[in-house]
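Q: how would this look folded up:
(one chain, ligands or ions: 1)
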Amino acid sequence: MASAAAEFPRPIDGGPAYRAYPKEPGPYLHQELLDFSKRTARPEEFPGLHPGPIPHDEPFVILGNIDIDKSRRPAGDLIPCAMCTPNRFLQGKHIYVPRFQCVTIIGHCCADKDTLASATQTFDAKVQKESEENYLLKALPLVGSKLDVLEAVQAKAVEGRRLHRLFNRNASHILDYLRNIRRNGGTLTVSTKIPIDHEAERFAGPAGYKRDEEEQYKTTQIGTLHGLCIAVAKYEPDRELILIRQALSQLSVQRDEEETFYYVADLSDSDRESQVTLLRNIDRTYSRFSKRLAEFVSFFEEDNIALLNKWGKHPDNLLNIHARFERPPYGLAPGTRRFVVGNPQGQAVMLVSNVLWKALPHWEYVSFD
Ligand SMILES: [Zn+2]
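A: Predicted coordinates:
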């Protein structure tokens, strides 16, 4: 502390040298201490710390945690605690002591449990508040652009719901098979009966070996079918969108950064918390919505339909299902496709609008940390 002692005045006559902080220092100071400790593993040498002793019952405010790896300290050497002994801890707290207008470090050893508990609580609440405010400052300015995204996604969601409903109404006899495939994780297989060579078995098998009545099957995998949320009973992406929009509309939109800043700073604890919860839920719900919509669309990809057809028309597949895209009738919007699916019992024809393949606009997710 020799150099530190030279740098800092002595606010209390004859007392130890330390730096005076008339007000609680901001988060920068703890960051500086952390950077210093990272370099030196000796937080006690951070310039300006009160060297102690500080009375045991002195009220304090926690600025942050200290955690030093023992392997980086000389053997047996622990960090001195400003409230008790010079060789004391590896994990402790960086604190501000208002009455002495100083900062210092103490181990978990110190302060009576009540002081520490209440200081910890205040500290936790402060950290929580900071996280929530930072989150809102990032997330609130995005509300407007998120509403725009919902607007742009609308047509695609409506088309998704229309196709799902149409499929359920007109191709329900095919949906039952798709449900089975879905239960099977999308795997398409066919079973082929293998004729048993009775002559060979008679010679090779042991006496009494008898499997003449048994049938043998070989299972062949054709591939994996995607987009099987088409086979769930209820799929209403347009309604999901309405719910997300309603939730977003509950949030107030600010004109600029400054207005957002003051708006966030003025929020009560409970309003701040509930807005954070609402915004995080909206991000989660949109993520689920868009993943599911992408999955739904993947059912109608050319390769996927070709695979369904390959499986359905496999010579050993008794279901005899066909699926394909056909040239659409003239006069329709470019990119519209005519989708045909069925089996010998009946077939459904549906026009698929090209909005289904429109790329979703970018939705910016905000992480809470
Ligand atoms: Zn101590």
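Q: Please state the backbone phi and psi of Ala323?
A: phi -150, psi 130 (degrees, to the nearest 10).
Q: Check Gly346 too.
A: phi 160, psi 160.
Q: Contact partners for it?
A: By CB atoms under 8 Å, 6 or more residues apart in numbering, Gly346 lies in contact with His173. Just so you know, the C-beta spots here come from the backbone N, C-alpha and C atoms, and that holds for glycine as well.
Q: Show me the residue of the stretch 151-300 of the chain that gets nearest to the ion, please.
A: Residue nearest to the ion within the stretch 151-300 of the chain: Asp269 (32.5 Å; CB to the ion).
Q: and that residue, how many residues sit next to it?
A: As a burial measure, Asp269 scores 11 neighbours (other CB atoms under 10 Å).
Q: Give me the pLDDT for it.
A: Each residue has a pLDDT score; the one for Asp269 is 92.
Q: Could you look up the SS state of the nearest residue to it once chain neighbours are set aside?
A: Nearest residue to Asp269, sequence neighbours excluded (CB to CB, 6 or more residues apart in numbering): Lys129, at 7.4 Å. With DSSP: H, G, I helix; E, B strand; the rest coil as the basis, the three-state label of Lys129 is helix.
Q: now Lys129: how far from Tyr21?
A: For Lys129, the distance to Tyr21 (CB to CB, to the nearest Å) stands at 21 Å.
Q: cool, and Val264?
A: Computed as CB to CB, the Val264 to Tyr21 distance reads 27 Å.
Q: in which helix or strand would I find the residue nearest to the spatial centre of the chain?
A: Nearest to the geometric centre of the chain sits Arg284, at 7.4 Å (CA atoms, centre = their mean). Counting by DSSP states H and E, the element that carries Arg284 is helix 269-299.
Q: With Tyr96 instead?
A: Following DSSP H and E, one finds Tyr96 within strand 91-97.
Q: mean confidence for that strand?
A: Mean pLDDT, strand 91-97: 92.
Q: Which elements pack onto the following helix or strand past it?
A: Sequence order places strand 102-107 as the next helix or strand after strand 91-97, per DSSP H and E. When contacts are defined as 3 or more CB pairs under 8 Å, 6 or more residues apart in numbering; DSSP states H and E, strand 102-107 packs onto strand 91-97.
Q: what lines up beside the strand it packs on in the sheet?
A: Strands that pair with strand 91-97, judged by DSSP bridges, come out as strand 61-67 (antiparallel), strand 102-107 (antiparallel).
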